[in-house]
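Engineer: the following comprises the amino acid sequence and a computationally predicted model.
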Amino acid sequence: MSLRIEPTGDALVLSIDRPKTRNALDRDLTRRIAEAVRVAEADPAVRGVVLTATGEETFVSGGDLHEIGRAVREQAGPAGVLDMYEDLAALESSELPVIAAVQGDVYGGGCELLLLCDMVIVEAHVSLAFRHARMGLSPAWGGLTRLVERVGPIEAPRLLFSAEKISAEEAARIGLVNEVVPRGQARERALGRIGRIADGARAVVAAQKRALTAVRKAMRGDAIERERAIFAEVWGGPAHQAALDAFFKRRG
Ligand SMILES: CCCC(=O)SCCNC(=O)CCNC(=O)[C@H](O)C(C)(C)COP(=O)(O)OP(=O)(O)OC[C@H]1O[C@@H](n2cnc3c(N)ncnc32)[C@H](O)[C@@H]1OP(=O)(O)O
């Protein structure tokens, strides 16, 4: 099972659990995430979702490079990866607050996943890297647009073009994450925040989430569609092919 689902206090805790791929996101996993969010919404006792992962080293290693490599080899085009966004977007559009509790390093599409959450709590040892450029890609799941929203037009190009790793502390300084907590404490902190949210009315938080969604939609215009068209443009190109070859060659 790639996603563990565990009701805890006022929250539904979703833990990504694909240790053999360092918690890479594949289509089955994104479907499970969307389905779990729907289950949480249908249960009046649930007041928020905590998204976390198992293991201490990696939160999410990005899109599943085995699945991506197969699609490139079979010349299937980028539709499979792009379609995963339909599922992942459930995190942002949900009427429940979603908090990411990040216990390990985050790569590529994993950073895009964080940006779909309402709040992000990271442990102090964690690093984050928008690895897309190193993989010959650009974000596919709205991560470029949301990165500009969160950190602004000065920092976004730096993170995207260089694919550099940044520390948890730097991520908080530039507004990419809300809070840095000591190792092992992200999940508890996220649950604490959901508990505090649960002191108020579910309907009011839901209304605020609807308002946030409307504001973002108005501000974004067609930015996400344009971002995804750029992803399709670079998909399967020479840089993408070379990065996949290098990844698989390293592993024999
Ligand atoms: C729109 C989506 C765009 C994207 O997300 S593109 C992907 C961006 N992500 C990356 O470039 C990260 C690729 N992975 C790595 O750099 C390293 O594996 C990583 C995460 C630092 C972990 O390093 P290590 O602890 O040394 O482990 P390792 O490299 O030996 O990997 C262990 C096993 O995990 C697998 N793995 C790691 N990242 C994966 C991925 N993204 N998709 C699918 N499988 C992945 C890797 O193949 C290996 O398994 P195996 O030994 O080959 O069976």
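Structural biologist: Received, thanks.
Engineer: when you work out contacts or count neighbours from here on, use the C-alpha atoms and nothing else.
Structural biologist: Will do.
Engineer: strands of this protein, residue ranges please.
Structural biologist: Assigned by DSSP state E, the strands in the chain fall at 3-8, 11-16, 48-53, 58-60, 98-102, 105-107, 119-123, 127-129, 165-167, 179-181.
Engineer: show me the helices in the stretch 51-200 of the chain, by range?
Structural biologist: Taking DSSP state H, counting those that start in this stretch as the test, the helices found in the stretch 51-200 of the chain are 65-73, 79-93, 109-115, 143-162, 168-173, 186-197.
Engineer: dump the ones you listed into CSV; add mean pLDDT, mean neighbour count and distance to the ligand as well.
Structural biologist: Shown next, in CSV, are the helices of the stretch 51-200 of the chain (pLDDT from 0 to 100; neighbours: other C-alpha atoms under 10 Å; distance: least, C-alpha to the nearest ligand atom, whole Å):
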stretch, mean pLDDT, mean neighbour count, distance to the ligand
helix 65-73, 97, 16, 4
helix 79-93, 98, 18, 7
helix 109-115, 98, 25, 4
helix 143-162, 98, 17, 9
helix 168-173, 98, 18, 16
helix 186-197, 98, 19, 20
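Engineer: possible to save the strands of the chain as CSV with mean neighbour count?
Structural biologist: As requested, the strands of the chain are arranged in CSV below (neighbours: other C-alpha atoms under 10 Å):
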stretch, mean neighbour count
strand 3-8, 15
strand 11-16, 25
strand 48-53, 28
strand 58-60, 29
strand 98-102, 30
strand 105-107, 25
strand 119-123, 24
strand 127-129, 24
strand 165-167, 17
strand 179-181, 20
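Engineer: now those strands as TSV including mean pLDDT and distance to residue 189?
Structural biologist: Output for these, formatted as TSV (pLDDT from 0 to 100; distance: least, C-alpha to C-alpha, whole Å):
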stretch	mean pLDDT	distance to residue 189
strand 3-8	98	13
strand 11-16	98	12
strand 48-53	99	10
strand 58-60	98	16
strand 98-102	99	8
strand 105-107	99	18
strand 119-123	98	8
strand 127-129	98	19
strand 165-167	98	19
strand 179-181	98	8
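Engineer: and the closest residue to residue 239 other than its chain neighbours, what pLDDT?
Structural biologist: Leaving aside its sequence neighbours, residue 239 sits nearest to residue 136 (C-alpha to C-alpha, 6 or more residues apart in numbering; 4.5 Å). You'll see residue 136 listed with a pLDDT of 98.
Engineer: do residue 251 as well
Structural biologist: Residue 251 is given a pLDDT of 83.
Engineer: what about it, distance to residue 155?
Structural biologist: 33 Å (C-alpha to C-alpha, to the nearest Å).
Engineer: spatially central residue in the protein, please.
Structural biologist: residue 113 (0.8 Å; C-alpha atoms, centre = their mean).
Engineer: surely the residue nearest to residue 239 touches residue 245?
Structural biologist: No. Between residue 136 and residue 245 there is no contact under C-alpha atoms under 8 Å: 11.3 Å.
Engineer: got the contact list for residue 37?
Structural biologist: Listed by C-alpha atoms under 8 Å, 6 or more residues apart in numbering, the contact set of residue 37 reads 49, 90, 91, 94.
Engineer: in stretch 226-244, what's buried?
Structural biologist: 227, 228, 229, 231, 232, 235, 236, 239, 240, 241, 243, 244 (16 or more other C-alpha atoms under 10 Å).
Engineer: so what's the last one closest to, chain neighbours aside?
Structural biologist: The shortest distance from residue 244 to any residue other than its chain neighbours is 6.5 Å, reached at residue 69 (C-alpha to C-alpha, 6+ apart).
Engineer: next one: that neighbour from residue 242, what distance?
Structural biologist: 11 Å.
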